[in-house]
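> sequence and predicted model, in that order:
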Amino acid sequence: MQSKLKAICPIQDLQRVSYLSRAINFKAQPCSAIIFLFNGKPYSYINHCMHMHRPLNCEQDAVFDESGKYLRCSMHGFIFDPETGVCQSPVCYGQRLQSLRLQEIDGILYFAEKHLSAND
């Protein structure tokens with residue numbers, strides 16, 4: 001299984017930034033992924049708001065709202081639970097961001113998603 005893992009970064013790199021973005025292919029489609037720590041745990045989602053089909057950071061270089069409690073699309077302010085990806089805003093309430101499986105091995109964080117290939 002380890003041969004299918006795609007390295008992202010040392011986990012400590014996420015402690016220094018609010019998020020990282022990586023170009024990937026998901027189900028053979030080019031897109032980007034956001035990777036971040038929330039409550040000390042790493043999470044990753046396809047960087048794609050379902051409302052206007054734009055990256056969460058399309059208007060600002062940020063993916064969290066001012067409180068740091070929710071992911072936020074910078075275009076219209078839609079917010080998402082960082083642990084589940086579920087939209088909390090009325091227009092898309094209950095829809096989810098596409099999560100990406102992660103695995104940490106010896107301090108290195110990897111994508112562990114079978115439908116993903118990293119753009120190198």
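Received it, and whenever you're ready, just let me know what you need. Residues are numbered from 1 along each chain as shown.
> for residue 20, list each beta-bridge partner.
Beta-bridge partners of residue 20, counted by DSSP bridges, are residue 35.
> any idea how far residue 34 is from it?
7 Å (CB to CB, to the nearest Å). All C-beta spots, glycine's among them, are computed from the backbone N, C-alpha and C.
> same deal with residue 22?
Distance from residue 22 to residue 34, counting by CB to CB: 8 Å.
> who's more crowded, those two?
Legend: neighbour count by other CB atoms under 10 Å for residue 22 and residue 34, higher for residue 34 (22 against 19).
> my guess is that one contacts residue 23. True?
No: using CB atoms under 8 Å, residue 34 is not in contact with residue 23; the gap is 11.6 Å.
> how about residue 65: what's its closest non-neighbour residue?
Excluding its sequence neighbours, the residue lying closest to residue 65 (CB to CB, 6 or more residues apart in numbering) is residue 72, at 4.0 Å.
> neighbours around the one you found, how many?
There are 24 residues near residue 72, going by other CB under 10 Å.
> so it is in contact with residue 63, correct?
Yes: between residue 72 and residue 63 there is a contact at 6.9 Å, judged by CB under 8 Å.
> overlap in contacts of these two?
Common contacts of residue 72 and residue 63 (CB atoms under 8 Å, 6 or more residues apart in numbering): residue 56.
> for residue 67, give me the pLDDT.
Residue 67 is assigned 95 on the pLDDT scale.
> which residues in the protein form strands?
Secondary structure of the chain by DSSP state E: the strands cover 6-10, 20-26, 29-38, 41-46, 71-72, 79-80, 102-105, 108-111, 116-118.
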